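Student: Sequence plus predicted model, see below.
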Amino acid sequence: MQYAIIRTEKHKSTGALQGRMTHTFRTRPTKNADPKKRHLNQLLFGQTDYAVACKTKIEDYSKTHKVRKNATFAIEYLMSASPEFFDNGTFLEKEKRLKDWSTAQVDFLKAKDGTENVLCVYLHLDEKTPHLEAFVLPIDKKGKLNASEFLDGRKKLGELQTEYANHNKKFGLARGLEG
């Protein structure tokens, strides 16, 4: 069985995002990435300087809203699938599957978190298993900076896993075991 994989991490400062940018865009050595394949990586949506985009949005937001000291400024998503998913078929079949899958993941984030909140979606092809890294500003439907609305607690994280797997059923991907 092949699985849809999604992981999350909260970032509580634009400085933390700056650090992640060095990994995302490979401006620092990355142990498990092949430097000869770095040119294959692609920005699929958003901005290459997502830390600045986030900082600007947070500054604009703070002009009309109070921002807690411990607020989460961005949510990082890692989205992938079982390695076999990317390996099956001819070269052209693999290329089409990767393109269709990548597009569907960007569409998932835009629909789930709002296009205006998606800062960056970047495809890594220089590691063993292709995957996307995405960064989202956690502004809820009421216009509040509210990461809890997106991720807080086991229940919401479980729901995210299920929602993501359901979105990827069309690719033959399943959800891992609950709990």
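Tutor: Cool, got the structure. Numbering: from 1, shown residues only.
Student: what comes into contact with the worst-scoring helix or strand of the chain on mean pLDDT?
Tutor: Using mean pLDDT, DSSP states H and E, helix 50-62 stands out as the lowest-scoring helix or strand of the chain, at a mean of 83. For helix 50-62, contacts defined as C-beta atoms under 8 Å, 6 or more residues apart in numbering pick out 14, 17-18, 20-21, 46-47, 67, 73-74, 119-120, 135, 137, 139, 145. To be clear about C-beta, it is placed using only N, CA and C from the backbone, and glycine gets the same treatment.
Student: which parts of it are buried?
Tutor: By neighbour count on 16 or more other C-beta atoms under 10 Å, the buried set for helix 50-62 is 50-51, 53-55, 57-58, 61.
Student: This structure: strands as residue ranges?
Tutor: Taking DSSP state E, the strands of the chain run over residues 4-11, 42-46, 74-81, 118-124, 131-136.
Student: mind giving me TSV with those and columns for mean neighbour count?
Tutor: Converted to TSV, those look like this (neighbours: other C-beta atoms under 10 Å):
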stretch	mean neighbour count
strand 4-11	19
strand 42-46	16
strand 74-81	22
strand 118-124	23
strand 131-136	24
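Student: Among the ones you listed, which comes closest to residue 97?
Tutor: Minimum separation from residue 97 across the strands of the chain (C-beta to C-beta) falls at strand 74-81, 9.8 Å.
Student: Distance from the closest one to the middle of the chain?
Tutor: 3 Å (C-alpha atoms, centre = their mean, to the nearest Å).
Student: Could you list the residues in contact with the lengthiest helix in the chain?
Tutor: For the chain, the longest helix by residue count, based on DSSP state H, is helix 91-113. If you take C-beta under 8 Å, 6+ apart as the criterion, helix 91-113 is touched by 44-45, 75, 77, 79, 81, 85-89, 118, 121, 123, 130, 132, 134, 136, 138, 150, 163-164, 167-168, 170-171.
Student: Swap in 6 Å and give it another go.
Tutor: 44-45, 79, 118, 121, 123, 132, 134, 136, 167, 171 (C-beta atoms under 6 Å, 6 or more residues apart in numbering).
Student: Stretch 114-128 too?
Tutor: 24, 32-34, 37-38, 40-47, 50, 53-54, 102, 106, 109-110, 131-137, 139.
Student: Okay, and the beta partners of the residue nearest the centre of the chain?
Tutor: Centre of the chain computed as the mean C-alpha position; nearest residue by C-alpha atoms, centre = their mean is residue 134, 2.5 Å away. Per DSSP bridges, the residues bridged to residue 134 are residue 77, residue 121.
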